[in-house]
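Engineer: the following comprises the amino acid sequence and a computationally predicted model.
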Amino acid sequence: MIAELAEIVGAANVLTGTDMARWSRDWTGHYTGSPRVVLRPGSRDEVAAVLRFAAARGIPVVPVSGNTGLNGGALGTDALVIALDRMNRIREIRPQARVAVVEAGVIVDALNAAAEDHGLIFPLAFGASGSAMIGGVLSTNAGGANVLRYGNTRDLCLGLEVVLADGRVMDLMQALHKNNAGFDLRDLMIGAEGQLGIITGAIMKLHPRPSERATAMVAMETLDPAGALLNALQDASGNAVVAFEFMPRSFVEGHFLVDPKAREPFAAPHAVNLLIELAATRPLGDALEEVLAGWMERGIVTDAVIAQNEAQRREMWARREAAAEISFRKHPVIDTDIAVPRECVPEYLRAIEPRLRAVDPGCEVSSVAHLGDGNIHYCCYPTEAALMAPLRAEIDALAMEMNGTFSAEHGVGLSKLAPMARYKDPVALEMMRRIKAAFDPQGILNPGKTLPQG
């Protein structure tokens, strides 16, 4: 098998033994396993040849991009792992159309840097953007801090190139904003976690680079008025808010533990800390300062610090972008990415902790939220690993009771199979399994992930 695969991708790109270590565990360290072999193809055609090889023998195949996922979606135990990191070419940037044609292994920050050379940006923004790759963020429909303005990854994609389970290539690489020619197979592939095909290329939307940004840390005694503050800022700025992030006191203290150089965001500690950023291609004026000043006069905002330069802005963002390191600073940890309607976030945060302490009185909790879209990354540190399942069940259950979701932006992978079985509409699950069987009748693509056993 090794010899045949070497003929496809080259002997140097067939990894075995200790050379597979990088792909034998996920970023969290929670999921570990041993692939049969790791392959690093350099082109779409090589990916197609590998899939024809696997399909002929019924061998499982797991695609991996940056391996920055948090739910075990790229674990490749006893499978052919296809690492897409060599497929890192930006094929074309079309400034006039504001699109980029890229391969799946292009790192998010690399695409953004290339776009900036043309006065544009690729606006997907999250802590792992320096290593996460386009194929992975498409496969999980990743979100991040700028969803409020630019949408999830699905909203940033116009076209896809996908290799199917039998090695055929499905070419959906059309840079069209309107295309009503039948079923939208592009959107079906986005967020499918490699269950239906392996994304090898994409056409991604670019946006004008903001000429002005206004960034601030804002303190409140309670989270309840935050939604109204967001609306006031949007109204005053012409919908220029790109980020509206919530960090409780526990998150700020967690930042001190992972970064000895971290400083307090304000002169005194506060229970509610908001990171707010406005961005525009025209002068923003004093919208941020004026709104915050008015709210401080009314006593709703208790403190505010507006960044005066890029260094101060980066310091504010460093705190928020350290979320993964803060969340996984101790084990065992339950890391979630639930979402509820935006107006329900304060009530969710008030209600969840008592429910968790009823299960495990000694548990610790922490959270951080994309407040603008209702996405909460709620973490719980149980006193013993045996309590992880019932504690996670409470976190998910409350989100569903509030008409929310147990999976907002990280994908399902392995860690969310139980809530998928418990909460996903049975008819929807049946249709998802039928779609999976149509695209992958042998079930060789990323088996065991996303879809619970029927």
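Structural biologist: Done, it's in.

Engineer: which strand or helix spans residue 204?
Structural biologist: Residue 204 belongs to strand 198-205 when assigned by DSSP states H and E.

Engineer: who's in contact with that strand?
Structural biologist: Identification of contacts with strand 198-205 by Cβ atoms under 8 Å, 6 or more residues apart in numbering yields 44, 47, 51, 61, 63, 82, 84, 87, 91, 98-104, 111, 122, 134-135, 138-139, 155-163, 173-175, 189, 445. C-betas here are computed from N, CA, C, even on glycine.

Engineer: now, which of those lie within strands?
Structural biologist: The strands, defined by DSSP state E, take in 61, 63, 82, 91, 99-103, 157-163 from those.

Engineer: ok, so of those, who is nearest residue 11?
Structural biologist: Using Cβ to Cβ, residue 82 comes nearest to residue 11 of the ones in strands among the contacts of strand 198-205, at 16.4 Å.

Engineer: residues contacting the closest one?
Structural biologist: By Cβ under 8 Å, 6+ apart, the contact set of residue 82 is 39, 41, 47, 50, 61, 62, 63, 64, 198.

Engineer: tabulate the residues you listed (JSON lines), appending pLDDT.
Structural biologist: Output for these, formatted as JSON lines (pLDDT from 0 to 100):
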{"residue": "39", "pLDDT": "98"}
{"residue": "41", "pLDDT": "98"}
{"residue": "47", "pLDDT": "98"}
{"residue": "50", "pLDDT": "98"}
{"residue": "61", "pLDDT": "98"}
{"residue": "62", "pLDDT": "98"}
{"residue": "63", "pLDDT": "98"}
{"residue": "64", "pLDDT": "97"}
{"residue": "198", "pLDDT": "98"}
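
Engineer: break down the stretch 351-454 of the chain into its strands, ranges please.
Structural biologist: 364-370, 375-381 (DSSP state E, counting those that start in this stretch).

Engineer: for residue 438, which of these is the nearest?
Structural biologist: With Cβ to Cβ, the closest approach to residue 438 among these belongs to strand 375-381: 31.1 Å.

Engineer: and the angle from that closest one to strand 364-370?
Structural biologist: Taking axes from the mean of the first three to the mean of the last three Cα atoms, to 10 degrees, one finds that strand 375-381 is oriented at 170 degrees with respect to strand 364-370.

Engineer: show me where pLDDT drops low in the stretch 1-150 of the chain?
Structural biologist: In the prediction, the stretch 1-150 of the chain carries no residues with pLDDT under 70.

Engineer: where do the helices of it begin and end?
Structural biologist: 2-9, 44-57, 108-116, 134-140, 147-150 (DSSP state H, counting those that start in this stretch).

Engineer: deepest of these, which one?
Structural biologist: helix 134-140 (a mean of 29; mean count of other Cβ atoms under 10 Å).

Engineer: by contact count, what packs against that helix?
Structural biologist: Counting contacts by 3 or more Cβ pairs under 8 Å, 6 or more residues apart in numbering; DSSP states H and E, helix 134-140 packs against strand 61-64, helix 108-116, strand 198-205.

Engineer: pipe those into TSV and attach distance to residue 295 per row.
Structural biologist: Formatted as TSV, these follow (distance: least, Cβ to Cβ, whole Å):
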stretch	distance to residue 295
strand 61-64	46
helix 108-116	33
strand 198-205	34
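
Engineer: which one of the ones you listed lies nearest to residue 315?
Structural biologist: helix 108-116 (18.8 Å).

Engineer: tell me what that closest one is packed against?
Structural biologist: With contacts taken as 3+ Cβ pairs under 8 Å, 6+ apart, helix 108-116 sits against strand 90-94, strand 99-103, helix 134-140.

Engineer: could you export the last one as CSV, CA atoms only?
Structural biologist: In this case it means helix 134-140. The C-alpha coordinates for helix 134-140 follow below in CSV (Å, rounded to 0.1, in the frame of the first residue of the first chain):
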residue,chain,number,x,y,z
ILE,A,134,-9.4,27.4,4.2
GLY,A,135,-10.5,23.8,3.8
GLY,A,136,-11.0,23.4,7.5
VAL,A,137,-12.9,26.6,8.1
LEU,A,138,-15.2,25.8,5.2
SER,A,139,-15.7,22.2,6.5
THR,A,140,-16.8,23.5,9.9
